[in-house]
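Trainee: Build me a model:
(chains A and B)
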Amino acid sequence: SAVISQKPSRDICQRGTSLTIQCQVDSQVTMMFWYRQQPGQSLTLIATANQGSEATYESGFVIDKFPISRPNLTFSTLTVSNMSPEDSSIYLCSVVPGGTGNTEAFFGQGTRLTVV
Amino acid sequence: AQKVTQAQTEISVVEKEDVTLDCVYETRDTTYYLFWYKQPPSGELVFLIRRNSFDEQNEISGRYSWNFQKSTSSFNFTITASQVVDSAVYFCALSETGNTDKLIFGTGTRLQVFP
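Mentor: Modelled structure (predicted):
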C-alpha cells in the first residue's frame, strides 16, 4: 500500500499567478501520476513523472503550463502556471506501487484550486 | 483507442433498493485491468476493486458485487440494499499493461440514495 500526502489541500489564487502542489509518498515508487478533475467532471491524466527524467505529458497538457519536478523516488511537485479561472479544478497525485499488475492505484486527497 | 464509458450520469434510488452502475470499456490490449473507485462528497478517491482481464469470475464483497463480461466489454457494479452512505460519484477505470500504469477514467455516475 501507499500513503500519499498532498499539499495544499485547497487554495484560492489570483489569475496570472502560479501555485505549486506537493505530493509526498511514504514509500519509493518509480512513477507518479498527476490528474486533474474539473468541476463535475472525470479525472484526466496530466502527466507521468519519473525520477531522473522529464515528465511525460498527455495530449492537451504542456510543460510550460504544468511544470513537474521529481527530485527523488518519494516526492513530486506540480506547478500550475499563469493561472486562469479555467484552471479551477481538483488536482490529484497518484502512485501505483509495484505496477497495476500487483496492486491498486493510490490517490492523494487532492488539492482543490479556485482561481479568481 | 482505449476508452471507458459510463452512460448513466446520475441515478437516484431510495434506501434498500438495489442499483447497478454500468461500465463499458474499449481497448486493443489482451491484458488490462479494470477498476472501480468511489468519490464521496469529501472528494477523496476510495478504491473498491481491481480486476484483471483474465479473471472473469464475478466478485461479491458484502453489499457490493461486480459482473465482468469480456464478450460485451462490460464491468458493471451492483450495490444491494443501498444505503444513504453509498451516495457518491462512482468511477470505472481502465489500465493497460505496458502503458505505464496510467488510468483512463469514465465520466462517473453520481448515485444519490434517499432515506
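Trainee: helices or strands next to the lowest-mean-pLDDT helix or strand in chain A in the packing?
Mentor: Here the helix or strand of chain A ranked lowest by mean pLDDT, DSSP states H and E is strand A:106-107, holding a mean of 90. Strand A:106-107 is packed against strand A:89-95, with contacts defined by 3 or more Cβ pairs under 8 Å, 6 or more residues apart in numbering or on different chains; DSSP states H and E. Every C-beta, even on glycine, is put in place using the N, C-alpha and C of the backbone.
Trainee: May I have the strands that pair with the strand or helix carrying residue B:48, each with its orientation?
Mentor: For residue B:48, the host element (DSSP states H and E) is strand B:46-52. Using DSSP bridges, the strands paired with strand B:46-52 are strand B:32-39 (antiparallel).
Trainee: and the strand it pairs with with strand A:89-95, angle?
Mentor: Computed with axes from the mean of the first three to the mean of the last three Cα atoms, to 10 degrees, the direction of strand B:32-39 lies at 130 degrees from that of strand A:89-95.
Trainee: Return the distance of the least confident helix or strand of chain A from the chain's centre.
Mentor: 11 Å (Cα atoms, centre = their mean, to the nearest Å).
Trainee: Show me what it is in contact with.
Mentor: A:1-4, A:35, A:92-97, B:44-45, B:47 (Cβ atoms under 8 Å, 6 or more residues apart in numbering or on different chains).
Trainee: repeat that for 6 Å
Mentor: Outside strand A:106-107, the residues that touch it by Cβ atoms under 6 Å, 6 or more residues apart in numbering or on different chains are A:2, A:4, A:92, A:94, A:95, B:45.
Trainee: Same check on stretch A:62-82?
Mentor: Contacts to stretch A:62-82, defined as Cβ under 6 Å, 6+ apart, come from residues A:18-25, A:28, A:32, A:34, A:46-47, A:49, A:51, A:55, A:87.
Trainee: Pull out the buried positions in it.
Mentor: By 16 or more other Cβ atoms under 10 Å in any protein chain shown, the buried positions in stretch A:62-82 come out as A:65-68, A:70, A:73-78, A:80-81.
Trainee: need the contact list for the closest residue to residue A:4 other than its chain neighbours.
Mentor: Among residues not flanking residue A:4 along the chain, residue A:108 sits closest, at 3.9 Å (Cβ to Cβ, 6 or more residues apart in numbering or on different chains). By Cβ under 6 Å, 6+ apart, the contact list for residue A:108 reads A:4, A:6, A:23, A:92, A:93.
Trainee: Out of those residues, which comes closest to chain B?
Mentor: The closest of these to chain B turns out to be residue A:92 (Cβ to the nearest Cβ; 7.1 Å).
Trainee: How confident is the prediction for the closest one, by pLDDT?
Mentor: pLDDT recorded at residue A:92 is 95.
Trainee: For it, which residues count as its bridge partners?
Mentor: Counting by DSSP bridges, the residues bridging with residue A:92 are residue A:35.
Trainee: Who are the contact partners of residue 57?
Mentor: Because you didn't say which chain, this covers chain A. residue A:47.
Trainee: let's see 7 Å
Mentor: A:46, A:47, A:63 (Cβ atoms under 7 Å, 6 or more residues apart in numbering or on different chains).
Trainee: Ok, residue A:91 next?
Mentor: Here residue A:91 is in contact with A:21, A:34, A:36, A:78, A:110, A:111, A:113 (criterion: Cβ under 7 Å, 6+ apart).
Trainee: And the contacts of strand A:106-107, which is closest to residue B:4?
Mentor: The closest of the contacts of strand A:106-107 to residue B:4 turns out to be residue B:45 (Cβ to Cβ; 14.9 Å).
Trainee: For burial, what's the neighbour tally of that closest one?
Mentor: If you count neighbours by other Cβ atoms under 10 Å in any protein chain shown, residue B:45 ends up with 26.
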